[in-house]
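Visitor: sequence and predicted structure are below.
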Amino acid sequence: MDKKKEHVVIFIDGSNFYHSSKKLNVVDKINFQKLINELVGDRELAKVFYYNSPLDISVNPKIYWKQQKFFDMLRKIPKVEVILCKQRKVKRDGKFEYEVKGDDTHLVSDLVGEAYENLYDTAILISGDEDFISPIERARKLGKKIENAYFSSSSSFNLRNACDSSIHLNKILHKIID
């Protein structure tokens, strides 16, 4: 009798991923198809959600178009959905910065919603943000397995501890960069 393959959904906190990979100087070298393949292994990929916000074109058109090209590349990977959120301009220490707004809410909604709809057996959360602990606990109550893929620079011990297992991305970089 054939055993049903485990279905996996990957949730990527894009801002967290970007800043963590930038600290390692690999931000432009990561091959997302290789990353997905490495994380999924011999299981069945159901979907990948990537959450971020478009940059403000008026601040730096060159960087804006580079990011748009990146989003387009992600959209060409089968089963990847790019969820674009808002960006808010805030003043800190006398200078303006931008922060992504709504990405965590969308991710939480999808993580719990897809669990309730029984669209995955295992969720892989690529983030170091411990704000996701409560929805992880909710999905686990529904019998879902949750894995946390993280970079050392943005890792939360509490987040890893709330998950069934974790994947240290720093240790697999050699497999996922071009």
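Guide: It's in.

Visitor: when you work out contacts or count neighbours from here on, use the C-alpha atoms and nothing else.
Guide: OK.

Visitor: what does the lowest-mean-pLDDT helix or strand in the chain contact?
Guide: Ranking every helix and strand in the chain by mean pLDDT, DSSP states H and E puts strand 95-101 at the bottom, with a mean of 71. Strand 95-101 is contacted from outside by S15, N52, S53, C85, K86, Q87, R88, K89, V90, K91, using Cα atoms under 8 Å, 6 or more residues apart in numbering.

Visitor: if you rank the residues you listed by neighbours, which is first?
Guide: Within the contacts of strand 95-101, most neighbours by other Cα atoms under 10 Å means N52, with 25 neighbours.

Visitor: continuing past the longest helix along the chain, what's the next helix or strand?
Guide: Across the chain, the longest stretch assigned as helix under DSSP state H is helix 61-76. Next helix or strand after helix 61-76 toward the C-terminus (DSSP states H and E): strand 80-84.

Visitor: picking up where we left off before, strand partners (parallel or antiparallel) of the least confident helix or strand of the chain?
Guide: strand 86-92 (antiparallel) (DSSP bridges).
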